[in-house]
Structure formats: C-alpha cells, structure tokens
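Participant: what's the 3D shape of this:
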Amino acid sequence: MIKIAPSILSADFARLGDEVAEIKMAGADYVHFDVMDGQFVPNISIGIPVLKSLRKATDMFIDVHLMIDRPLRYVEQFCSAGADLVNVHVEADSRENIIAALETVKKLGKKTGVTIKPKTPAGAIAPYLGLVDLVLVMTVEPGFGGQSFMHDQLPKIAQVRRMLDEACPGCELEVDGGVDAVTAKLVKEAGANVLVAGSAVFGKADRAAAVRAIREA
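Facilitator: All right, here's what the predicted structure looks like:
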C-alpha cells in the first residue's frame, strides 16, 4: 500500500493545525515532521513544543524525522510529545548509541526508523534491520526543502528494498526529497511505499488532487 506523508516544512506555520487538517481531508496517510538542529544539518526547524501542540490538534500518524546530532539525548522527549514513529540518522552517532536510541523508542511503544543520506551506502542500515519499522532513503541532501530529486539514488532505493525483503519484509521503505507526481513513479518502481512530499502537496491549491496524483503516479 502506498502511503503519502506530506512534510510540514512546506506548510504555513501560522495555521499549522488547519494545514494538517486539510492534508488529512485530502487523503494523506502520515504527517512528516522534520526536526533540524543546525549542527547535524545546516538549518534549524522545529522541535518538541511544536510537536506537543500538533499532537493536540490531530489524530494523524506523526512520522518524526530527527535530523539532529546524537538523537539518543532526545528520543524519549519526542515520544512523550506525541510522535508515533521516531526516525534517526545512522550518521548522527555511533552504532551503539543509534541502537540505544531505537531500543528506547521501542520500549516506549512507538515505531522506529533509520535514515540514510545520499552519500551513505545502503549497507549502513544492516545493523539496525531487526530494530526498525521503517527505513528512509534521502533523495536530496537533508537540511532544506525544495531541492531537486537525485535520480542517482534510485539504485540504492532498490537495494534497500531487497535488503528489507530478505531481513524484515514488513518494514516500510520511505523516500524523502524532491518527490512529486513525476518522481513518485520512479521511487515506487524502485520499491518505496511511503512517499514524503512537501511543496508538491502543501504548495498546491487542490491538496486532494496533489495527494492523489502522487499516490497514483
């Protein structure tokens, strides 16, 4: 089943609750919540207070993508604030600490994910496959919205899909970066089933048509 996860980085933060209500009505499946700390990536976005407020405003599944250094320090707080899934970058800390972060999230009853940047090989996810519910492959450099899709990541998406099919077939494969009604077809053919889209949904007047176009591409 293809799931659409609009990224609120492209939403109007002055009316965030209404924006999320609109994507729910439009048929979106997840809310993608991007957290950036200005250290792991060269930008700063939103954090725990915004998540707490959004949790009160929606019952949608909130997919929290932590683009932060040493995520173990904060995963418990993000779980308590209302995340349904907490996704950490394999590059953000040592293997031991990433495993500890995932185990903490699982103990708190939430779903887990790991993310890899464009330059990180698919094999980097191998140590975590028994611990995660989702793997995210970035198809832009993390840190900024509105970048162009990196077509050279398609073979890696397919490789990750093969790894998941062998080790944990129920694990979801998410793609984030430059996804729209054109590139959605490519990532689905490569094996992705959760598609993050920012401006391709929030930037459209007809959000329902935008979600449908990506899902049916």
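
Participant: sec struct for the residue nearest to Met60 when sequence neighbours are not counted, please.
Facilitator: Residue nearest to Met60 in three dimensions, not counting chain neighbours: Val31, with 4.9 Å by C-beta to C-beta, 6 or more residues apart in numbering. Placement of C-beta: from N, CA and C, glycine included. Judged by DSSP: H, G, I helix; E, B strand; the rest coil, the three-state class of Val31 is strand.

Participant: Was I right to think Val31 contacts His65?
Facilitator: No. Applying C-beta atoms under 8 Å, one finds Val31 not in contact with His65, separated by 10.7 Å.

Participant: Mutual contacts of these two, please.
Facilitator: Here Val31 and His65 have no joint contacts, going by C-beta atoms under 8 Å, 6 or more residues apart in numbering.

Participant: quick one: which of the two has more around it?
Facilitator: Neighbour comparison, Val31 and His65: the larger count goes to His65, with 28 against 24 (by other C-beta atoms under 10 Å).

Participant: Make sure Gly130 is actually in contact with Cys168.
Facilitator: Yes. With contact defined as C-beta under 8 Å, Gly130 counts as touching Cys168 (7.0 Å).

Participant: Among these two, which residue is more densely surrounded?
Facilitator: Taking neighbours as other C-beta under 10 Å, Gly130 and Cys168 compare with Cys168 leading, 16 against 11.

Participant: Contact partners for that one?
Facilitator: Contacts of Cys168 (C-beta under 8 Å, 6+ apart): 129-130, 132.

Participant: List the contacts of the residue nearest to Leu72 when sequence neighbours are not counted.
Facilitator: Spatial nearest neighbour of Leu72, excluding adjacent residues (C-beta to C-beta, 6+ apart): Ala101 at 4.2 Å. Ala101 is in contact with 71-72, 75, 86, 88, 93, counting by C-beta under 8 Å, 6+ apart.
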